[in-house]
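> output the structure for:
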Amino acid sequence: MTEPWRTPTGGLTILHTKTRAFERRIALPTECINSLKTHQERQQEERGAAGAGWTDSGLVFTTSKGRPLDPTNLTRRFHCLLHSAGLRTIRFQDLRHSTATLLLEQGIDLVVIKELLGHAHIGVYAHVRLRLQRQAIDTLGNALGQGDDAPDDPPTAAVVR
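Residues are numbered from 1 along each chain as shown. Next up, the predicted model:
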């Protein structure tokens, strides 16, 4: 995997993975694969339009001339898209956190999520939402024969020392 990074002098450089062990295949939903195929077709058109001005960087996402995307511009565009969709501003990295949380909410095992995200420790990404905590406590309460709480009540908590 390669990523463009800004150098101390303000230019862009490509950073490669540390070792081949860091390279891996990932599974993607069919909708993502179809979007990537459409993107590849558009990029081929851009390559043709750029002619000799095309820089073959080997990256999937590039400028219309094949050069690496500036991370600052990517972040700026991401924030514009969030704003136009009426969503709160988040970091681009938060998409990984959201993916882990959504998968966890769907009942996907933590080990599987860890492998999908390519991370050594899932605790970095697994943010269990209040609703999941509520469901867990309700399930426990029902198992103990005490399922009388209203569905919107927050989980009852006690300080244990």
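> now the residue nearest the centre of the chain: which helix or strand?
The centroid of the chain falls nearest to Arg96 when counting by C-alpha atoms, centre = their mean (2.9 Å). Arg96 is part of helix 94-105, with elements assigned from DSSP states H and E.
> Val60 and Glu105: what is the separation?
28 Å (C-beta to C-beta, to the nearest Å). For the C-beta atoms, the positions are set from N, CA and C on the backbone; glycine is no exception.
> look at the two and report which has more neighbours.
Glu105 (13 against 10; other C-beta atoms under 10 Å).
> surely that one meets Leu132?
Yes - using C-beta atoms under 8 Å, Glu105 makes contact with Leu132 at a distance of 6.1 Å.
> let me see the contact set for Leu140.
Going by C-beta atoms under 8 Å, 6 or more residues apart in numbering, Leu140 touches no other residue.
> and the gap between it and Arg134?
Distance from Leu140 to Arg134, by C-beta to C-beta: 11 Å.
> pLDDT at the residue of the chain most remote from its centre, what is it?
In the chain, counting by C-alpha atoms, centre = their mean, Gly145 sits farthest out from the average C-alpha position, at 39.5 Å. With respect to pLDDT, Gly145 scores 84.
> now do the SS call for it.
coil (DSSP: H, G, I helix; E, B strand; the rest coil).
> from Thr139, how far out is it?
12 Å.
> which residues touch Gln106?
Per C-beta under 8 Å, 6+ apart, neighbours of Gln106: none.
> low-scoring stretches of this structure, by residue?
1-7, 10, 17-22, 122-130, 146-161 (pLDDT under 70).
> can you give me the domain assignment for it?
2-90, 93-128, 130-161 (automatic domain parsing).
> most packed of those domains?
Comparing these by mean neighbour count (mean count of other C-beta atoms under 10 Å), domain 93-128 comes out on top with a mean of 14.
> quick one: that one to chain centroid distance?
10 Å (C-alpha atoms, centre = their mean, to the nearest Å).
> next one: stretch 91-108
7 Å.
> helix or strand right after the helix holding Arg96?
helix 110-117.
> got the angle between that following helix and helix 94-105?
Using axes from the mean of the first three to the mean of the last three C-alpha atoms, to 10 degrees, the direction of helix 110-117 lies 150 degrees away from that of helix 94-105.
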